[in-house]
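> heads up, no residue letters with this:
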């Protein structure tokens, strides 16, 4: 029989869930907002116009966040402000065309300001709350951090431009104006680069890997000496490698028709470039190590994990990935547990470590320890259907069939409500049917087997 948890773990590593589908009764709400930006004659008016548009979008997204915060509370799943920001920043859609208005203002004899007003209509889907909850805690944390970092970079760029504008008010000589013009161009290039990164992140969030790759590539063209786009694009290629390895490309990440070897080569090229630019980044070594591992280049993978931990002894992901190598490749549960224990000690509020450790305990027939870990994982992520499957599997192993049935049922309920095309759903009916059969309830067993065959 297929070991479903191997595929589940792979899917979690590339996106937390197999699918993030719109909720049937989800409601779209539209928000209108204005953004204003101004520039002098030293600046590109096309960029000033884009800055006004960006401010309008951020103002509308902020309004949407107030609504989603209230909505999340109304469905008994109140999210933090950081979570709301991550959701709205990555899922908004612009409705129709952006409306612009241009106004020129003479400030001094030498300075004319061109003001741009941009008005946008932005819609958000409250069903994204449910999609967010389906993601695992590690992925949510990464998305929150990613959104926070992009917002901070954007704010830094805006401060830089404001400083340049103040300086422009006091510069009259041609040499000074020429230098300022050059600095404005550099700041504008940074702005455009950041915009491409944000667009790539939004596409990646929605599972649109082809679009994300396009935006990251455009960012690299704008600034080939900045590492972020290489890392983001490298991760896309690495995820497509995993997608092919575990045959998930038809589930979530759509490939271009490239081979695993091609994606491996592309990922390495990007990670190598990023490391050439930032040679002491532990996370990049971890990402590259995971690409090595999934292409079965194990010595290279271990070398990268070791380098990551040498740079940062608290690099959580390096411990998690290396534990997978020890378990699945080296077949050494002792070393795998050592790394998982370290990962859990570093961050006891991450459910992934407990769930992965529970699988080892189950394999070693330490069922009480496995159940204890899964109880902790479910307490941290009560809507993660996969943890219920893992726990049900343990209950079935120790012949606690009623409890196994409860957990298989919980998985089915969550899947049918939030993820009805889940390709693993049929197996929950199959396993639950086995439990009913073991309890002598032939009618329910047959009903579940019929459902399994129907979904087949």
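Great, that's in hand. Remember, predicted model here, so these are calculated numbers, not experimental data.
> where does this structure dip in pLDDT?
Scanning the chain for pLDDT under 70 picks out 1-27, 106-111, 247-257.
> ranges for the strands of it?
28-39, 93-106, 112-125 (DSSP state E).
> among these, which is the most enclosed?
Of all the strands of the chain, strand 112-125 has the most neighbours on average by mean count of other Cβ atoms under 10 Å, namely a mean of 19. No exception for glycine: its C-beta is placed from N, CA and C like everyone else's.
> Mind listing the strands that one pairs with, and their directions?
Note on strand 112-125: by DSSP bridges, its sheet partners are strand 28-39 (antiparallel), strand 93-106 (antiparallel).
> which one of those strands lies closest to residue 155?
Across these, residue 155 has its closest neighbour in strand 28-39 (14.1 Å, Cβ to Cβ).
> to the chain's geometric centre, what's the distance from the closest one?
Taking Cα atoms, centre = their mean, to the nearest Å, one finds the center of strand 28-39 at 26 Å from the center of the full chain.
> contact partners of it?
Contact partners of strand 28-39, identified using Cβ atoms under 8 Å, 6 or more residues apart in numbering, comprise 45, 47-49, 51-64, 67, 95, 105, 113-126, 165.
> go again using 6 Å as the cut-off
The contact list for strand 28-39 (Cβ atoms under 6 Å, 6 or more residues apart in numbering) reads 48, 51-52, 55-56, 59-60, 63-64, 67, 95, 113-119, 121-123, 125.
> Kindly report the same for stretch 322-336.
The contact list for stretch 322-336, computed with Cβ under 6 Å, 6+ apart, reads 293, 298, 305, 339, 340, 360.
> List the buried residues of that stretch.
For stretch 322-336, the neighbour count (16 or more other Cβ atoms under 10 Å) marks 322, 323, 324, 325, 326, 327, 333, 336 as buried.
> Redo the residues you listed as TSV? Include distance to residue 239.
Compiled in TSV, the buried residues of stretch 322-336 are given as follows (distance: Cβ to Cβ, whole Å):
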residue	distance to residue 239
322	19
323	20
324	15
325	18
326	22
327	21
333	27
336	23
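> And the furthest pair within those residues?
322 and 333, at 13.4 Å, using Cβ to Cβ across the buried residues of stretch 322-336.
> rewinding a little: what would the strands paired with strand 112-125 look like in CSV with distance to residue 198?
What follows is these, written out as CSV (distance: least, Cβ to Cβ, whole Å):
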stretch, distance to residue 198
strand 28-39, 15
strand 93-106, 13
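> of all the ones you listed, which lies closest to residue 394?
strand 28-39 (41.2 Å).
> quick revisit: what about the strands paired with strand 112-125, which gets the closest to residue 171?
Each of the strands paired with strand 112-125 was scored for nearness to residue 171 using Cβ to Cβ, and the closest is strand 28-39 (14.9 Å).
> From the structure, what's the count of residues near the closest residue to residue 141 other than its chain neighbours?
Take residue 141 and drop its neighbours on the chain: the residue closest to it by Cβ to Cβ, 6 or more residues apart in numbering is residue 350, 7.7 Å away. Applying other Cβ atoms under 10 Å, we find 20 other residues in the vicinity of residue 350.
> Out of the strands paired with strand 112-125, flag the one nearest residue 156.
strand 28-39 (16.2 Å).
> re earlier: next step: the buried residues of stretch 322-336 restricted to helices.
322, 323, 324, 333, 336 (DSSP state H).
> Tabulate these (JSON lines), appending distance to residue 385.
Output for those, formatted as JSON lines (distance: Cβ to Cβ, whole Å):
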{"residue": "322", "distance to residue 385": "27"}
{"residue": "323", "distance to residue 385": "23"}
{"residue": "324", "distance to residue 385": "21"}
{"residue": "333", "distance to residue 385": "26"}
{"residue": "336", "distance to residue 385": "24"}
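> Counting neighbours, what do you get for residue 152?
By other Cβ under 10 Å, 10 other residues sit near residue 152.
> and what of residue 133?
Per other Cβ under 10 Å, the neighbour tally for residue 133 reads 20.
> That one and residue 382 touch, don't they?
No. Look at residue 133 against residue 382 with Cβ atoms under 6 Å: they stay out of range, at 9.1 Å.
> for the contacts of stretch 322-336, which one is nearest residue 178?
Distances from residue 178 to these, taken as Cβ to Cβ, are shortest for residue 305 (49.6 Å).
> surely the closest one meets residue 291?
No. At 11.9 Å, residue 305 does not count as touching residue 291 under the criterion of Cβ under 6 Å.
> Out of the contacts of stretch 322-336, which is nearest to residue 161?
Checking these one by one against residue 161 (Cβ to Cβ), the nearest turns out to be residue 305, at 40.7 Å.
> Could you list which residues are in contact with the closest one?
By Cβ under 6 Å, 6+ apart, the residues touching residue 305 are 289, 318, 322.
> Would you mind measuring from the second one to residue 126?
Counting by Cβ to Cβ, to the nearest Å, the gap between residue 318 and residue 126 amounts to 37 Å.
> Looking at these two, which is more packed in?
residue 318 (29 against 21).
> quick one, what contacts that one?
Neighbouring residues of residue 318 by Cβ under 6 Å, 6+ apart: 286, 305, 308, 309.
> Select from these the one having the most neighbours.
Using other Cβ under 10 Å as the neighbour criterion, residue 305 leads those with 28 neighbours.
> Distance of that one relative to residue 292?
Distance of residue 305 to residue 292, computed by Cβ to Cβ: 9 Å.
> Would you quantify the distance from residue 419 to residue 412?
From residue 419 to residue 412 the distance is 11 Å (Cβ to Cβ).
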